[in-house]
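Trainee: give me coordinates for this.
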Amino acid sequence: MTIAPENRPLLTVHTHARGKRSPVTCRLKCNDACLHPAPNESANEYFKDVVSSVLSRRAMLGTLAVAAGAVVIGAQGAAAPSAAAATLPEGRFPGGGHSKGLAFGAIDPQPVDVDALVVPEGYTWDPIIRWGDPILPGGRTFDPDNQSPEQQAKQFGYNCDYLDILPIQPGDKHRGTRGILVSNLEYTNAEIMFPPTEKYWDVAADGSRTKNAYSRAIERAAHGMAVVEVRRRGTGKPWDYQRISVLNRRIHLGTEFVLDGPAAGSDLLKTAADRTGRRVLGTMNNCAGGTTPWGTVLSGEENFNGYFVAAGVNPTADARYGIGASTSYGWEADEPRFAQSAGYENESHRFGWIVELDPYDPTAKPVKHTAMGRFKHEGANVTLSSKGHAVAYMGDDQAFDYVYKFVSKDRVAKGDSRGARAHNKTLLSEGDLFVARFTGDSPAAEIDGSGAVPADGAFDGTGEWLPLVKDGRSKVPGMSVEEVLVYTRLAADKVGATKMDRPEDVEISPVTGRIYVACTNNSGRTPGNATEGATEANPRTHKVVGGVTTNGNRDGHVVEIIPSGDQTSTRFTWNLLLVAGDPAVEGTYFSGYPKDRVSPISCPDNLAFDAEGNLWISTDGQPSSSAIARCDGLFKVPVAGRERGHVQQFLSVPAGAETCGPLVDSRDSMVYVNVQHPGENGSFEAPDSYFPDYVAAGATVEAGDFRGPRPTVVQVYRDRD
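Mentor: Model (predicted):
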């Protein structure tokens, strides 16, 4: 039976969503985080400053650009809906000089209703793998009208986020013609996944519908991670995924994981199903990640709170982590662990970790590292200190939460032998955990929350890494090591860390060793707030557009951290690389680069570097509350020299989508992104996006295609014809 469209509403949603983000996606992805007060109620100290505007206004980028057609290519060579995009001459940018690395002409930002993936002139895009594509034996060609939990567990999952393509052998320096694609599969959008039939939905007496147990089981199979072998004819050529390979793997809510580190075996991690506190089924809400120097992939368990009902055993911790009385997923009706019923009161403690996966060994169980702390991990990225210690940087993706660092106890073993890899895979199991405190160096009278630059010409200052666990001992009064690691947010509150504006991805420059933090936004940072107002590290509390004042930091910023010596140092200096937004509006900053020569950018999320040391920024939710109101995209930003701060938009993703997991191979002239939740505001029967298959109305749908949106791994490469 087909359910009538008027009975379509899935969830009770609210009108709190910022900008273009769907309220349903807010509910599913982050459990309505911005609807509720920020869970961090600590009164940690801040360094206030007041500023005056010193940088000029600018004209929109499009008025300066040289008009040219953007390349917009659909899946498998089919033409996608066209979209005009003005570009600058390839490789040449206003102000003179050539940009080092990947050469392209910056595209114009695209209106929010453009259902096309727009890339620069001279480039083409193709999918590598899409939601529902089979990757394991027994997996069938995707049929959107006949999904099942068993098939989804053998197919590429939903809402791909972190992405990397590794060489086929650990230790290889180049990807060559064979590789291993690893992707996170963060969460699900049931309303645009499942047909409106009783197979997937229960209909109440009032006509409203909710997911049934069958569709919820498919959702659990669609979460997690995927490992897929890919091949191509030569460097610079597009990849094809291998439907059958011994390396292919699906990680989901039924996959067994190992808990290791100091908290493993703690009473805080034991349940009726695991009385050892050392193994757990599944991973969820896997957002960003990182690839280690020894060739494993790290994945961050982010908004895990939205899947659990509060147990009531520790109300303070439940509140601090945002665990409430109900969930949007409803899995508590299927498994007692999600209800945290008797015997499962600790189940939520077993999520919120950094996961390590070895893509080269399909038999190896993934590991959750308790030594790295438990919070809403966006991801983790690892570098090596001068003495060989593994140093990982991490962001806790919530308004007013913190930036963390982990330093391994042991040192890396050199070489790619089996023994060296085995040793290196233990480096994140034991070490020291720190949280950051940022201090501004401008007078308190120079930070007024407008985002204008202080008199010294920069947002900058000093900082320190405050120890939470050091040499195997807790450095937080009144908390044991196990408590610090399980309740890391509470521990960081106690030591006085700096509240940041949703610190998400944290990346290390391969050229300079400097660390970059994407602070996506924070609508709760408001003027006059004693503990959550403007700081030099978070300088914007409001914006005035057309005479209208909007509170909050809606556009975000990027922090640059410079270690004072080795990466293991507990001291650093810092500055803001950019304060994002529309450059035509006051309150933006681009490291002094002329504002009339940059692309508008809002809500920085994931970060990446190319071989030349340029930073690439993907965005999530370029909001209509800013003056941008454009589709999300990927942007290149040099961080040194006269081009420092020169934001240039490389691509734009389709309507409703978020740009995730950027991977930039400038030497191969290829760029990769994960396109997440395209068409998020639509429904299965009335899609808002047809990406990436773009099946025309009335056309025959080929096997494996879908006339609707599919989260997809995308490759962008130079036209060779």
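
Trainee: check the gap between Y516 and V639 for me.
Mentor: 8 Å (C-beta to C-beta, to the nearest Å). C-betas here are computed from N, CA, C, even on glycine.

Trainee: identify the bridge partners of the closest residue to P503 other than its chain neighbours.
Mentor: Among residues not flanking P503 along the chain, G395 sits closest, at 3.6 Å (C-beta to C-beta, 6 or more residues apart in numbering). Note on G395: beta-bridge partners by DSSP bridges are V403.

Trainee: what is the neighbour count of G395?
Mentor: 31 (other C-beta atoms under 10 Å).

Trainee: now swap in V701 and tell me
Mentor: Neighbours of V701 (other C-beta under 10 Å): 14.

Trainee: any low-confidence regions in the stretch 401-550 of the chain?
Mentor: The model of the stretch 401-550 of the chain has no residue with pLDDT under 70.

Trainee: show me what contacts I508?
Mentor: I508 makes contact with 381, 383, 393, 514-516, according to C-beta atoms under 8 Å, 6 or more residues apart in numbering.

Trainee: and if we set it to 6 Å?
Mentor: 381, 383, 515 (C-beta atoms under 6 Å, 6 or more residues apart in numbering).

Trainee: filter those to the buried ones?
Mentor: Burial by neighbour count, 16 or more other C-beta atoms under 10 Å: within those this picks out 381, 383, 515.

Trainee: show me those that map onto strands.
Mentor: 381, 383, 515 (DSSP state E).

Trainee: surely the first one is in contact with D505?
Mentor: No - using C-beta atoms under 6 Å, N381 and D505 do not qualify as a contacting pair, with a distance of 7.9 Å.

Trainee: can you map out the helices along the chain?
Mentor: With DSSP state H applied, the chain shows helices at 23-30, 61-64, 149-152, 190-193, 213-222, 315-320, 336-339, 418-424, 481-486, 488-495, listed in chain order.

Trainee: can you dump the C-alpha atoms of the fourth one in PDB for me?
Mentor: Extracted in PDB, the C-alpha atoms of helix 190-193 (Å, rounded to 0.1, in the frame of the first residue of the first chain):
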ATOM      1  CA  ALA A 190      14.700   8.500   6.100                       C
ATOM      2  CA  GLU A 191      12.300  10.900   4.400                       C
ATOM      3  CA  ILE A 192      14.300  10.900   1.200                       C
ATOM      4  CA  MET A 193      15.500   7.300   1.500                       C
END
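
Trainee: residues making contact with it?
Mentor: Here helix 190-193 has contacts from 10, 211, 679, 682-684, 709, using C-beta under 6 Å, 6+ apart.

Trainee: again, only using 7 Å
Mentor: Identification of contacts with helix 190-193 by C-beta atoms under 7 Å, 6 or more residues apart in numbering yields 10, 24, 158, 211, 215, 219, 679, 682-684, 687, 708-709.

Trainee: can you pull out the low-pLDDT segments for the protein?
Mentor: Ranges of the chain meeting pLDDT under 70: 1-27, 29, 32, 34-37, 43, 45-99, 623-627, 721.

Trainee: which residue is the nearest non-sequential neighbour of the residue most central in space within the chain?
Mentor: In the chain, the C-alpha nearest the mean C-alpha coordinate belongs to A288, at 4.3 Å (C-alpha atoms, centre = their mean). Nearest residue to A288, sequence neighbours excluded (C-beta to C-beta, 6+ apart): G379, at 3.1 Å.

Trainee: the one you found touches P503, doesn't it?
Mentor: No - G379 lies out of contact with P503 (C-beta atoms under 7 Å); the separation is 11.0 Å.

Trainee: mutual contacts of these two, please.
Mentor: Here G379 and P503 have no joint contacts, going by C-beta under 7 Å, 6+ apart.

Trainee: strands of the stretch 101-250 of the chain, residue ranges please.
Mentor: Here the stretch 101-250 of the chain has its strands, by DSSP state E, counting those that start in this stretch, at 123-130, 160-167, 178-185, 201-203, 209-211, 224-231, 240-241, 249-251.

Trainee: let me have those strands in CSV, extended by mean neighbour count and distance to L615.
Mentor: Output for the strands of the stretch 101-250 of the chain, formatted as CSV (neighbours: other C-beta atoms under 10 Å; distance: least, C-beta to C-beta, whole Å):
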stretch, mean neighbour count, distance to L615
strand 123-130, 22, 20
strand 160-167, 23, 17
strand 178-185, 26, 21
strand 201-203, 17, 44
strand 209-211, 20, 40
strand 224-231, 24, 26
strand 240-241, 18, 29
strand 249-251, 24, 29
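
Trainee: what about A697, how many residues nearby?
Mentor: 6.

Trainee: any idea how far A116 is from it?
Mentor: 16 Å.

Trainee: for stretch 131-144, C-alpha coordinates in CSV please.
Mentor: Provided in CSV are the C-alpha atoms of stretch 131-144 (Å, rounded to 0.1, in the frame of the first residue of the first chain):
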residue,chain,number,x,y,z
TRP,A,131,24.6,5.2,-1.8
GLY,A,132,23.3,1.7,-2.5
ASP,A,133,26.1,0.6,-4.9
PRO,A,134,26.9,-3.0,-4.0
ILE,A,135,30.4,-3.7,-2.7
LEU,A,136,30.2,-7.2,-1.0
PRO,A,137,29.4,-10.7,-2.4
GLY,A,138,25.7,-11.2,-2.5
GLY,A,139,25.1,-7.4,-2.9
ARG,A,140,22.5,-6.7,-5.6
THR,A,141,22.2,-3.7,-7.9
PHE,A,142,20.5,-0.9,-5.9
ASP,A,143,16.8,-0.8,-6.1
PRO,A,144,15.4,2.2,-4.3
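
Trainee: flag every buried residue along that stretch.
Mentor: For stretch 131-144, a neighbour-count test (16+ other C-beta under 10 Å) marks 131-136, 139, 142, 144 as buried.

Trainee: and the furthest pair within the residues you listed?
Mentor: Greatest spatial distance in the buried residues of stretch 131-144: L136 and P144, 18.8 Å, computed using C-beta to C-beta.

Trainee: can you pull the contacts of the residue nearest to the centre of the chain?
Mentor: 161-162, 300, 378-379, 504-505, 606.

Trainee: and it, how close does it get to Q242?
Mentor: Distance of A288 to Q242, computed by C-beta to C-beta: 25 Å.

Trainee: got it, and D126?
Mentor: In terms of C-beta to C-beta, D126 sits 16 Å off from Q242.

Trainee: closest to D401 among the buried residues of stretch 131-144?
Mentor: W131 (30.1 Å).

Trainee: residues touching the closest one, list them.
Mentor: Counting by C-beta under 7 Å, 6+ apart, W131 touches 156-158, 710-711.

Trainee: just flag the most distant two among those residues.
Mentor: Across those, no pair lies farther apart than G157 and R710, at 11.3 Å, counting by C-beta to C-beta.

Trainee: give me the residues contacting stretch 403-412.
Mentor: Identification of contacts with stretch 403-412 by C-beta under 7 Å, 6+ apart yields 293, 371-373, 384, 387-396, 424, 427-428, 430-436, 465, 500, 503, 506, 517, 568.
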